[in-house]
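# Generate a structure from the sequence data that follows.
(4 chains)
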There are 2 protein chains.
Amino acid sequence: MSNPFVRKMESFVRLSPDDRRMLESAVERTHRLGPRENIIHEGVEPNVVNVVLDGWACRYKVLLDGRRQIVSLLLPGDMCDPHVFLLPTMDQSLGTITSVTLAKVPGPTIRAMAARSFALAEAMNWEMLVSAEIQREWTVSLGRRTAAERLAHLFCEVATRLQVIGRQNGPDCELPLTQSDLADAMGLSTVHVNRTLQELKARGMVELRSKRLVIHDREGLEGLALFDPGYLHRRSDHDLAHLSA
Amino acid sequence: MSNPFVRKMESFVRLSPDDRRMLESAVERTHRLGPRENIIHEGVEPNVVNVVLDGWACRYKVLLDGRRQIVSLLLPGDMCDPHVFLLPTMDQSLGTITSVTLAKVPGPTIRAMAARSFALAEAMNWEMLVSAEIQREWTVSLGRRTAAERLAHLFCEVATRLQVIGRQNGPDCELPLTQSDLADAMGLSTVHVNRTLQELKARGMVELRSKRLVIHDREGLEGLALFDPGYLHRRSDHDLAHLSA
DNA sequence: CGTGGGCTTGAGCGTGGTCAAGTTGGGTGG
DNA sequence: CCACCCAACTTGACCACGCTCAAGCCCACG
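Now for the predicted structure:
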């Protein structure tokens, strides 16, 4: 199945056909959004969980004086905060980057899935823990990595996340961020992102053109980034085999 | 009750006497750790959730070349990842800052509490969402705030978090971090933290001495930090009243 | 063919880092 | 109770990574 949500959940936990069916029907009703739009919670109670099925979105914060920080990227298959539906009001600032297809899964549906299938409950918890771990890695990047290291790390992260949902085959993958998006994500200025990208290209590591990321030297890139893929907690096939036993 | 864990949970959700009793007995068996120690998960399966009952701890990451980033602070009442017990192995690097008293609550106990009391389940989810929100605010700080703003923001955050557990009465509160801890938390160098602290003091905002933080001008500090307490989601008394209805 | 968003380049500057040398002060042992 | 000691803090000088401002370019779109 090419549903990235199901694929992602399956990367965490072995799913039964029934689990898979539940997931699929949960995200059946979809909404379409254009690029650079706000994802607004319509009700006072944000009693839904957004799941991105296609396209890229992000969570961001804007300071009073206009400084903007992208706080996380939402790729196909990602859900934002499986538990928000519990909160009265959540100050979500979510925006699309590209056109996006998303499903709004009602809180009760999430609860029902978790209650009916232990595997699904487990998968949703994995999702939360992994996204928390990504957030922490960003903290490390912004706090302690240089500009080149930050970009390199982000590219490794994105490539790995896309791999999980089967969207990275060759050495290149989608990356629909503008340089100014990259700047807002990595706490840099656009100008410096531009120069750093040129440096990475000159060093034969990575190239960015027409919304695609071409990785020429994955190993070098991971070395520069001090990237340790472990934090994304993809289960190896071995682990999965062990689990199903 | 002065149990900071119970107090914190109560700041999220109205608890019944029974809920309170469950929480208290869950953290009855405590462990003591000295300052600057590692909090290590003894088993292969980290099937416990750590709850800090007294003292300060932190989660951190160290890059291969030694650069260190403190990724979050754990204050009394904080639990680290209520759902980790689901994961086979979690690369937690948790360390104490001061002496710490902590409880190791077994996964099954957590599950049982959540199953028996909806309020407790809700409170634990709040805890997770709030800590995620704090993490995001750190991302904003490290990405887009200047050194002075970062420290100011951290001080506002800490003061507010301590208030919740009833540990901030007057204008000053505990802050057992060294300047080098502050540096590792806010992505700065020790030297620059020192100079920035002097600047904040000269501006009459804040003073740091003998492990205590004295806030002279809370309003000014919040203004400088562009601090918006909303993200910590403390429920006002009004909200709590409304909920219990 | 025109327009504007995104990319590129240059010059100058400032925040914050590094290195290195003191100074202070809380905790320990005598 | 004092002396000592080490960690934490402080200060100075210098430097560089990354920012700002400003102008020009490219090309994808209408």
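# Report whether the longest helix anywhere in chain A contacts DNA strand C.
Across chain A, the helix with the greatest residue count (assigned by DSSP state H) is helix A:118-144. No. Using C-beta under 7 Å from any atom of the strand, helix A:118-144 never reaches DNA strand C; the gap is at least 8.8 Å. In this view, the C-beta of every residue, glycine as well, is placed from N, C-alpha and C.
# Same check on stretch A:164-180?
Yes. Using C-beta under 7 Å from any atom of the strand, stretch A:164-180 reaches DNA strand C at A:178, A:179, A:180.
# among those residues, which are in helices?
Per DSSP H, those map to helices at A:179, A:180.
# Is residue A:54 in contact with residue A:78, as I believe?
No. The criterion here is C-beta atoms under 8 Å, and residue A:54 misses it with residue A:78 at 11.2 Å.
# So for the longest helix of chain A, mean pLDDT?
Mean pLDDT, computed over helix A:118-144, is 93.
# just to revisit the earlier point, out of residue A:54 and residue A:78, name the residue with the larger neighbour count.
residue A:78 (24 against 16; other C-beta atoms under 10 Å in any protein chain shown).
# Quick check: nearest residue in space to that one, chain neighbours excluded?
Take residue A:78 and drop its neighbours on the chain: the residue closest to it by C-beta to C-beta, 6 or more residues apart in numbering or on different chains is residue A:52, 5.1 Å away.
# Give me the residues contacting stretch A:68-78.
For stretch A:68-78, contacts defined as C-beta atoms under 8 Å, 6 or more residues apart in numbering or on different chains pick out A:4-5, A:7-9, A:51-63, A:80, A:94, A:127, A:131, A:134-135, A:138, A:158, A:161-162, A:164-165, A:167, A:181, A:184-185, A:187, B:136, B:139-140, B:143-144.
# Tell me which of those fall in helices.
A:4-5, A:7-9, A:127, A:131, A:134-135, A:138, A:158, A:161-162, A:164, A:181, A:184-185, B:136, B:139-140, B:143-144.
# neighbours of residue A:30, just the number please.
13.
# and the gap between residue A:24 and DNA strand D?
32 Å (C-beta to the nearest atom of the strand, to the nearest Å).
# Run the angle between the helix or strand that residue falls within and helix A:118-144 for me.
For residue A:24, the host element (DSSP states H and E) is helix A:17-26. For helix A:17-26 against helix A:118-144, the angle by axes from the mean of the first three to the mean of the last three C-alpha atoms, to 10 degrees is 60 degrees.
# Same question for helix A:17-26: list its buried residues.
A:19, A:20, A:22, A:23, A:26 (16 or more other C-beta atoms under 10 Å in any protein chain shown).
# Any idea which residue of chain A lies closest to DNA strand D?
residue A:192 (2.8 Å; C-beta to the nearest atom of the strand).
# neighbours around the closest residue to that residue other than its chain neighbours, how many?
Counting by C-beta to C-beta, 6+ apart, residue A:192 lies nearest to residue A:147, which is 5.8 Å off, once chain neighbours are set aside. Neighbour count of residue A:147, defined by other C-beta under 10 Å: 19.
# Domains in chain A, by residue range?
Domain assignment for chain A by automatic domain parsing gives A:4-136, A:145-232.
# rank these by pLDDT, which is bottom?
Taking the mean pLDDT of the domains of chain A, domain A:4-136 comes last: a mean of 89.
# Tell me where chain A has strands.
A:30-33, A:38-39, A:48-54, A:57-62, A:68-74, A:94-96, A:100-106, A:172-174, A:206-209, A:212-215 (DSSP state E).
# interface residues of chain A facing DNA strand D?
A:146, A:147, A:148, A:187, A:188, A:189, A:191, A:192, A:196, A:210.
# now residue A:207: how far from residue A:201?
5 Å (C-beta to C-beta, to the nearest Å).
# just residue A:65 next, same as before
Distance from residue A:65 to residue A:201, by C-beta to C-beta: 33 Å.
# neighbour count winner among those two?
Per other C-beta under 10 Å, whichever of residue A:65 and residue A:201 has more neighbours is residue A:201, with 15 against 7.
# can you pull the contacts of the more buried one?
A:207, A:208.
# ok, what's across the strand from the nearest residue to residue A:31 once chain neighbours are set aside?
Sequence neighbours aside, residue A:102 is the residue nearest to residue A:31 in space, at 5.6 Å (criterion: C-beta to C-beta, 6+ apart). Here residue A:102 sits in beta bridges with residue A:31, residue A:52, going by DSSP bridges.
# follow-up on the earlier one: out of the residues of stretch A:164-180 next to DNA strand C, who has the most neighbours?
residue A:179 leads these on contacts (other C-beta under 10 Å) with 17 neighbours.
# Please name the residues that touch residue A:137.
For residue A:137, counting by C-beta under 8 Å, 6+ apart, the contacting residues are A:153, A:157, A:231, B:61.
# Taking these together, which two end up most distant?
A:157 and B:61 (14.4 Å; C-beta to C-beta).
# pretty sure residue A:49 contacts residue A:107?
Yes. The criterion here is C-beta under 8 Å, and residue A:49 meets it with residue A:107 at 7.0 Å.
# Which one of these two is surrounded by more residues?
Comparing residue A:49 with residue A:107 by other C-beta under 10 Å, the one with more neighbours is residue A:49, at 21 against 17.
# which non-adjacent residue is nearest that one?
residue A:105 (4.9 Å).
# Can you report how many residues neighbour that neighbour?
22.
# for DNA strand C, what are the nearby residues on chain A?
Checking chain A against DNA strand C by C-beta under 7 Å from any atom of the strand, the hits are A:178, A:179, A:180, A:190, A:191, A:194, A:195, A:197, A:198.
# 6 Å instead?
Contact residues (C-beta under 6 Å from any atom of the strand) of chain A with DNA strand C: A:178, A:179, A:180, A:190, A:191, A:194, A:197, A:198.
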